[in-house]
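**Student:** Quick one, structure for this:
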Amino acid sequence: MTTRRNFIKKTSIATGALTFGVATGLSAKSYRKVIGANDRVRVGVVGFSNRCKGSLIPAFLNHSKGLNFEFVGVSDIWNRRRDEGAAYLKEKTGDKMKTWRNNEEMYEDDKIDAVIISTADFQHALHTVQAANAKKDAYVEKPFAETMEDARIGKKAVEESGIVFQIGSQRRSGKNYHAADKFIKSGQFGDIVMVEMSWNVNQPGRWRLPQLTKEIKESDTDWKRYLMNRPYEAWDPRKYLEYRLFWPYSSGIPGQWMSHQIDTVHWFSGYDHPRSVAANGGIYLWKDGRKNYDTMTSVFDYGDDNGEEGFQVVYSSRFTNSAGGTKEIYYSNGGELNLQTNKVSENGGLSARQAKRMGLEENKLKEYNLSDMEVEVVTSANTGVDNMTSNHMLNWMECVRSRAKTNGPIEAGYNHSIANIMTTAALRTGLKATFDKETQNVLAGGKIFKY
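**Tutor:** Numbers count the residues shown, from 1 in each chain. Predicted coordinates for the structure are as follows:
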């Protein structure tokens, strides 16, 4: 039986990072000299997913000519997606694409300089390790990891390899988010006292692929390679294609949606992770065999180790009713910063009447439009499928050239993973989740959380 422990044991090397049969004699220092300013950067697609086709590839193509980047091939363990990806890229670029049956084959071929990774949620960190061991720069879709063990291994591999890494949290390249960060850190906003976040849809078909699950055959893919370090179980086309509905292949809502929003809390506040998380939820309507919840609410406590400073975050999400849509509101004693309207206002601020009763002064923020703030996010502007993803891809590509740190470095992916895993632990155990800084483990009820 292939177990998570056996997988890591068999694929570990002396440094503690994972290796998948790819050896290199390059040090991080020497690797920085590999790509010259005028050399073409060859990029491989790892996982031809809908996200990759609909957003990441178009974003890349917005900037590839100007920065002298090119796609050269697709690695996918499903023959259908592999062939579809190669055909799609040939249609878009006019160039014939190489195809690789798996990442080991791709890295051994050594025809690429960088990769865009858009595979199943639980695979992102481990596929990052493969890229890092092969010294290939990587743009990696979020969430970075769904378990702390994977997160730790992935982070270490990136840090030791010297690759340019970008986590696909595209808000980090959004001009309004940079403006919000600048405004909060300037002190004008005041201390954050509360954050409210939501992501609501009414989509029974979200993350469902019923037709494809009927068409895919186990013989057309590599089920054991797909499972990586997850416990072995018999072939299940739903867990291959609709993995976001099934733990431990995905946490569902936390990994897919919350990871975007909770990342901004870390960015704006400077806190790496919550002090604690309490959460609950359930499958209240869409009873289609899924294991991950269709509705959930989590409450986060953020602050310093002494407990003297901090604030609360309430996050809620549902598949069953779209009222309220997406919301991200930061509150201070003087008002709110609303990232849906991109405005700062005095809403809820301390009135003169209430202040006077306690010998205080009125505290109300002046109305301010974040869109008016000039913030340089990337060195050149471009539009695409959506501006944030386009800018985020551009930022990675420019950093591959300059070897600078990206907008979404490994620390960002690692930290949103901590928050996600704490939420998953609280949801699945019903216990309050905390984080042990010394061991870098998530605890539920004081015990290490493992699936």
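**Student:** Flag every buried residue along the strand or helix carrying A425.
**Tutor:** For A425, the host element (DSSP states H and E) is helix 410-429. By neighbour count, with 16 or more other Cβ atoms under 10 Å as the criterion, the buried positions of helix 410-429 are 410-428. For glycine as for every other residue, the C-beta is placed from the backbone atoms N, C-alpha and C.
**Student:** what do you get for stretch 118-134?
**Tutor:** 118-134.
**Student:** got the contact list for the residue nearest the centre of the chain?
**Tutor:** Closest residue to the average C-alpha location of the chain: K142 at 2.1 Å, with Cα atoms, centre = their mean. For K142, the contacting residues are H124, I167, G168, S169, G255, S259, H260, G413, H416, by Cβ atoms under 8 Å, 6 or more residues apart in numbering.
**Student:** So it, which state does it fall into?
**Tutor:** Per DSSP: H, G, I helix; E, B strand; the rest coil, the secondary structure class of K142 is coil.
**Student:** pLDDT at it, what is it?
**Tutor:** Reading off the confidence values, K142 has pLDDT 97.
**Student:** And it, how far from W199?
**Tutor:** 14 Å (Cβ to Cβ, to the nearest Å).
**Student:** one step back: can you list the strands that the following helix or strand past the helix holding A425 pairs with?
**Tutor:** Using DSSP H and E, the helix or strand that follows helix 410-429 in sequence is strand 433-436. If you go by DSSP bridges, strand 433-436 pairs up with strand 276-282 (antiparallel), strand 441-444 (antiparallel).
**Student:** buried stuff in strand 433-436?
**Tutor:** A433, T434, F435.
**Student:** in the stretch 251-400 of the chain, which spans are helices?
**Tutor:** Along the stretch 251-400 of the chain, the segments classed as helices by DSSP state H, counting those that start in this stretch run 253, 259-269, 352-357, 387-402.
**Student:** The helix holding A425 - contacts with which helices or strands?
**Tutor:** If you count contacts as 3 or more Cβ pairs under 8 Å, 6 or more residues apart in numbering; DSSP states H and E, helix 410-429 packs onto helix 148-161, strand 165-167, helix 259-269, strand 276-282, strand 295-303, strand 433-436, strand 441-444.
**Student:** quick one, which of the ones you listed is nearest to S64?
**Tutor:** strand 165-167 (15.5 Å; Cβ to Cβ).
**Student:** just to revisit the earlier point, with distance to T93 and pLDDT as new columns, can the contacts of K142 be given to me in JSON lines?
**Tutor:** Listed next are those as JSON lines, based on distance: Cβ to Cβ, whole Å; pLDDT from 0 to 100:
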{"residue": "H124", "distance to T93": "25", "pLDDT": "98"}
{"residue": "I167", "distance to T93": "26", "pLDDT": "98"}
{"residue": "G168", "distance to T93": "22", "pLDDT": "97"}
{"residue": "S169", "distance to T93": "27", "pLDDT": "97"}
{"residue": "G255", "distance to T93": "31", "pLDDT": "97"}
{"residue": "S259", "distance to T93": "31", "pLDDT": "97"}
{"residue": "H260", "distance to T93": "29", "pLDDT": "96"}
{"residue": "G413", "distance to T93": "29", "pLDDT": "98"}
{"residue": "H416", "distance to T93": "32", "pLDDT": "98"}
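**Student:** Which two of those residues have the greatest separation?
**Tutor:** Across the contacts of K142 (Cβ to Cβ), the longest gap, 14.3 Å, separates H124 and H260.
**Student:** ok, L394 to Y139 distance?
**Tutor:** Counting by Cβ to Cβ - L394 and Y139 are separated by 11 Å.
**Student:** ditto for N200
**Tutor:** From N200 to Y139 the distance is 29 Å (Cβ to Cβ).
**Student:** With M228 instead?
**Tutor:** 20 Å.
**Student:** Which one's more surrounded, these two?
**Tutor:** Higher neighbour count among M228 and Y139: Y139, with 28 against 22, using other Cβ atoms under 10 Å.
**Student:** if I read this right, that one contacts N395, doesn't it?
**Tutor:** No - the criterion here is Cβ atoms under 8 Å, and Y139 misses it with N395 at 9.7 Å.
**Student:** tell me, what's touching those two both at once?
**Tutor:** With Cβ under 8 Å, 6+ apart as the test, Y139 and N395 both reach Q166.
**Student:** give me the low-pLDDT residue ranges for the chain?
**Tutor:** For the chain, the stretches flagged by pLDDT under 70 are 1-38, 374-386.
**Student:** Just give me the neighbour total for K287.
**Tutor:** Considering only other Cβ under 10 Å, K287 is surrounded by 8 other residues.
**Student:** Please report phi then psi for it.
**Tutor:** For K287, the backbone dihedrals are phi -90, psi 80 (criterion: degrees, to the nearest 10).
**Student:** got it, and I77?
**Tutor:** phi -80, psi -10.
**Student:** quick one: it from H124, how far?
**Tutor:** 15 Å.
**Student:** For N338, grab the count of nearby residues.
**Tutor:** N338, neighbours per other Cβ under 10 Å, totals 19.
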